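Student: what's the 3D shape of this:
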Amino acid sequence: MDDGKIFSWIEDERLSLAAFLDELDDHEWKVASLCPGWTTHDVVAHLTLSTHTLFLDTLRGVIRTRGDINRVFADQARERAARFGPAELVAQFRETAGSRRRGLGSRPLDTLVDALVHGQDIARPLGRVREMPAERAVAGLGRVLGTGFYGAPRRLRGTRLVATDLDWSAGEGPDEVRGPAGDLLLLATGRAAGLAGLSGPGVERVAAAL
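Tutor: Here you go, the predicted structure:
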């Protein structure tokens, strides 16, 4: 897929999410997100990392944690959340919406997945609806299913995913899981919250794997 199109999607998702965040009440920033141990505030701080953190700082963190990139991201997110309030983080996020800087080892589609999925990580626990465009979700699924970083190949082994909101399917096996592309993306990235919108004989097995 053309990088220019991906980055235009990323910018649009970031600006849309920034507008969404503008509407949150103070207490909603303290609510637990779908990311274990992270509040809304922490997730937004994480989303600013790729455009506000130096490559060398991340690399030093990887060395310090002996390659535990998830721990590095968690530490960096909490540090930024402690330094900047909600309004400051939203302003940073909006100002760099068009930036093409990416996190260590990531590709443009990873940045898109970050914006799409973390938007749901914030919205769903708050009981708020944030639409995920099906075409963008499918592009993200292609990346998530094609790398071991998200754990999807192991989690979804023997499962066929079928989108119900556009013509798309992936995977092979006796167990089929059907639903909107956005919910399939949440499932592929390990979010049990995506199960609510899915159906098919593979749902119970995948739920157990989560």
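
Student: List the contacts of the closest residue to residue 197 other than its chain neighbours.
Tutor: Residue nearest to residue 197 in three dimensions, not counting chain neighbours: residue 183, with 3.8 Å by C-beta to C-beta, 6 or more residues apart in numbering. (C-beta placed from N, C-alpha, C; glycine too.) Taking C-beta atoms under 8 Å, 6 or more residues apart in numbering as the criterion, residue 183 is in contact with 194, 195, 196, 197, 198.

Student: And for residue 94?
Tutor: Applying C-beta under 8 Å, 6+ apart to residue 94 gives the contacts 14, 15, 18.

Student: how about the nearest residue to the first one, chain neighbours excluded?
Tutor: What that stands for is residue 14. Of all residues not flanking residue 14 in the chain, residue 97 sits nearest, at 3.9 Å (C-beta to C-beta, 6+ apart).

Student: quick one: that neighbour and residue 118, what's the gap?
Tutor: Remark: distance between residue 97 and residue 118 (C-beta to C-beta, to the nearest Å) = 14 Å.

Student: got it, and residue 161?
Tutor: On the measure of C-beta to C-beta, residue 161 and residue 118 end up 21 Å apart.

Student: Would you mind telling me which of the two has the busier surroundings?
Tutor: Higher neighbour count among residue 161 and residue 118: residue 161, with 27 against 22, using other C-beta atoms under 10 Å.

Student: Test my guess that that one contacts residue 169.
Tutor: Yes: counting by C-beta atoms under 8 Å, residue 161 does reach residue 169; the two are 6.3 Å apart.

Student: Now do the same for residue 162: helix, strand or coil?
Tutor: Following DSSP: H, G, I helix; E, B strand; the rest coil, residue 162 is assigned to strand.

Student: just checking, it touches residue 176?
Tutor: Yes: between residue 162 and residue 176 a contact is recorded at 6.1 Å, counting by C-beta under 8 Å.

Student: can you list residues touching both of these two?
Tutor: Counting by C-beta under 8 Å, 6+ apart, the residues touching both residue 162 and residue 176 are residue 200.

Student: after the helix or strand encompassing residue 21, next one along is what?
Tutor: Applying DSSP states H and E as the criterion places residue 21 in helix 3-22. Using DSSP H and E, the helix or strand that follows helix 3-22 in sequence is helix 40-47.
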